[in-house]
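>>> Can you look at this prediction? I've put the sequence above it.
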Amino acid sequence: MTFDLVANDPASKARAGVLTTAHGTIQTPIFMPVGTAGTVKAVHQRELKEDVKAQIILGNTYHLYLRPGLNVLEKAGGLHKFNGWDKPILTDSGGYQVFSLSGTRKIIEDGVKFRSHIDGSSHLFTPENVMDTQRTIGADIIMAFDECTPYPCDYNYARNSMERTHRWLQRCIDRFDSTESKYGYEQTLFPIVQGSTYKDLRIQSAETIASKNRPGNAIGGLSVGEPAEMMYEMTELVCDILPTDKPRYLMGVGTPANILENIALGVDMFDCVLPTRNARNGMLFTTQGIINIRNERWKEDYSPIDAELGGYASTFYSKAYLRHLMHATEMLGAQIASVHNLTFYLWLVGQAREQILAGTFRAWKDVMVKKLMTRL
């Protein structure tokens, strides 16, 4: 994997770059649709390519490990062959499930014991077998095994968790560097900065992660309930420490405004379930602001969902028709809304990149953030 910076915005810390992997190049800043169980919910791979114009998607190690299972994925030749997506894939390590499935897991020094949400069976994730699992899934970018702490979080807990995450990271590196890809192409390991919302811990973690000299770095443990301004403060602190010549991935973020503000702080990569999850509930992100398509005001609005956006889903279907589908609980409604929201997110980071290249990002961002937070 290589990363080349091509531009910096003169009035902010925003950057534009090109990330090259075995399965293709990625223009940064970039948003990565989340394909938790090997699928971006309600979206065909053809739509991801042609309409959404996704350049990379995510898979979830925890979910893919449990179902369909590693034997199925390995026999298929990895997730790329299994789901037919021939562009880059990033897998998370299961660390977020350590946070979100708190009622069914136990953290020990060796790793995390947990029970499957499917059948209650017992399992153990360790830094070593999580590296092996992601190798088998076949991701281009593999995440280190970490613990995502909740917010709010006691200082001592945050410190102990961060130190454990650092110990786990070294075990991940040792295992990753001593193993080979199963499918004949290069895979890359990203460490993850933790430390909750404590400045000294974030600084310590960022310095530790930077010292590992891996090809890219991630920032975890944010967008878990803390105020947005606190997220931005921690992100800026960390980005000022992480190497400028390597991509920075802010995990699990976020709203359109969150993405633009964090691009301004030096982040290159984002993912979040929000565009597809909100789409299934009728919330649409558009170039003019936020729409609740279930509202009465759209009942006889026959204009396109978003004429300025481009893309089939956004320009072919009317607001009135999509509202009807949502109220009739037709599956097509969730599909159209999901494709539209993802198209918007990829459009947004594409526009951000163009503004960075033109040297006008900061002024554009300040206008767009206010516009995109408006409820129509």
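Sure thing, it's come through.

>>> How are the helices of the stretch 101-250 of the chain distributed by residue range?
Assigned by DSSP state H, counting those that start in this stretch, the stretch 101-250 of the chain shows helices spanning 127-137, 155-177, 199-211, 228-239.

>>> what residue of this structure is the furthest out?
What lies farthest from the middle of the chain is residue 300; by Cα atoms, centre = their mean that is 35.7 Å.

>>> Which pLDDT value does the model give it?
Note on residue 300: pLDDT of 98.

>>> ok, now residue 96?
Per-residue pLDDT puts residue 96 at 77.

>>> Next: residue 138.
98.

>>> Counting neighbours, what do you get for the spatially closest residue to it that is not a sequence neighbour?
Once flanking residues are discounted, residue 138 sits nearest to residue 78: 2.6 Å by Cβ to Cβ, 6 or more residues apart in numbering. For the C-beta atoms, the positions are set from N, CA and C on the backbone; glycine is no exception. Applying other Cβ atoms under 10 Å, we find 21 residues neighbouring residue 78.

>>> Kindly report the same for residue 375.
Residues near residue 375, counting by other Cβ under 10 Å: 9.

>>> If you count residues, where's the longest helix of the chain?
The longest helix of the chain (DSSP state H) is helix 331-358.

>>> Name the next helix or strand following that helix along the chain.
The helix or strand immediately downstream of helix 331-358 is helix 361-372, counting by DSSP states H and E.

>>> what comes into contact with that next one?
9, 11-12, 14, 256-257, 260-261, 263-264, 285, 288-290, 348, 351-352, 355 (Cβ atoms under 8 Å, 6 or more residues apart in numbering).

>>> Report the buried residues of that helix.
For helix 361-372, the neighbour count (16 or more other Cβ atoms under 10 Å) marks 361-362, 364-365, 368-369, 372 as buried.

>>> which one of these sits closest to residue 43?
Proximity of these to residue 43 (Cβ to Cβ) peaks at residue 372, which lies at 21.7 Å.

>>> circling back: list the buried residues of the longest helix of the chain.
Buried residues in helix 331-358 (16+ other Cβ under 10 Å): 333-353, 355-356.

>>> Just the angle for it relative to helix 361-372, thanks.
160 degrees (axes from the mean of the first three to the mean of the last three Cα atoms, to 10 degrees).

>>> pLDDT on helix 331-358, on average?
According to the model, helix 331-358 has a mean pLDDT of 98.

>>> Same check on stretch 150-165?
Taken as a whole, stretch 150-165 carries a mean pLDDT of 96.

>>> now do stretch 234-243
98.

>>> residues of it that come out buried?
234-239, 241-242.

>>> Need the contact partners of it.
For stretch 234-243, contacts defined as Cβ under 8 Å, 6+ apart pick out 13, 193, 195, 197, 199, 202-203, 205-207, 209-210, 217, 219, 222, 248, 250, 262, 265-267.

>>> now do 7 Å
Outside stretch 234-243, the residues that touch it by Cβ atoms under 7 Å, 6 or more residues apart in numbering are 13, 193, 197, 199, 202-203, 206-207, 210, 217, 219, 222, 248, 250, 262, 265-267.

>>> what do you get for stretch 194-206?
Stretch 194-206 is contacted by residues 146, 149, 151, 153, 155, 158-159, 161-162, 165, 193, 220-221, 226, 230, 234, 237-238, 241-242 when judged by Cβ under 7 Å, 6+ apart.

>>> how about a cut-off of 6 Å?
With Cβ atoms under 6 Å, 6 or more residues apart in numbering as the test, stretch 194-206 has contacts from 146, 149, 153, 155, 158-159, 162, 165, 193, 220-221, 226, 230, 234, 237-238, 241-242.

>>> Can you report how many residues lie near residue 324?
Residue 324 has 15 nearby residues by other Cβ under 10 Å.

>>> ok, now which ones touch the closest residue to residue 100 other than its chain neighbours?
Once flanking residues are discounted, residue 100 sits nearest to residue 148: 8.0 Å by Cβ to Cβ, 6+ apart. Residue 148 is in contact with 95-96, 99, 220-221, counting by Cβ under 6 Å, 6+ apart.
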